[in-house]
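*Asks:* what's the 3D shape of this:
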Amino acid sequence: MKKEIITPSKLEVLPNNYVNNIIERITDKIALKVYSKIEYKMEKTLLPQTRKEENNKLLTIDEVCVILRKSRSTLNRWKNEGLLVPIKKIGVSPMYSQNQIDEFMKSNNE
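*Replies:* Take a look at the predicted model:
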């Protein structure tokens, strides 16, 4: 099927609803292309940042106990031995980063 090329002079004789339909389809295609480009750029820039934030998530001692399958006393002993030291305290609660726990697991084959 051969597509008909519509020139400006032909637009004057076409019904308004037909012209509006053509304009609507063109704008939809443009909008879809723009949306796809924006989505691609966002994924490229925001996704790595989101992953980085997930890895820097702070974990409580109870969460670390569950992840490592160890008791609080084991974690306290490791802290005293300098094996796994919390990166900060929030109030009196020791906090560990997800990166820190991941690295610890890799290095100790937990």
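
*Asks:* Below-threshold pLDDT in the chain: ranges please.
*Replies:* Applying pLDDT under 70 to the chain flags residues 1-3, 5-15, 46-55, 110.

*Asks:* Please enumerate the strands of this protein.
*Replies:* 58-60, 88-90, 93-97 (DSSP state E).

*Asks:* so which of those is the most packed in?
*Replies:* Highest mean neighbour count of the strands of the chain: strand 93-97, a mean of 18 (counted as mean count of other C-beta atoms under 10 Å). From N, CA and C alone the C-beta is placed, and that goes for glycine too.

*Asks:* What helices and strands are in contact with that one?
*Replies:* Judged by 3 or more C-beta pairs under 8 Å, 6 or more residues apart in numbering; DSSP states H and E, the packing partners of strand 93-97 are strand 58-60, helix 61-68, strand 88-90.

*Asks:* Can you lay out those as CSV showing distance to Ala31?
*Replies:* Output for the helices and strands packed on strand 93-97, formatted as CSV (distance: least, C-beta to C-beta, whole Å):
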stretch, distance to Ala31
strand 58-60, 41
helix 61-68, 44
strand 88-90, 46
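
*Asks:* With distance to Arg25 added, can I get the strands of the chain in TSV?
*Replies:* Converted to TSV, those look like this (distance: least, C-beta to C-beta, whole Å):
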stretch	distance to Arg25
strand 58-60	50
strand 88-90	56
strand 93-97	51
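
*Asks:* Nearest to Leu75, out of these?
*Replies:* strand 93-97 (8.3 Å; C-beta to C-beta).

*Asks:* List the contacts of that closest one.
*Replies:* Residues outside strand 93-97 that contact it (C-beta atoms under 8 Å, 6 or more residues apart in numbering): 55-61, 64, 79, 84, 86-89.
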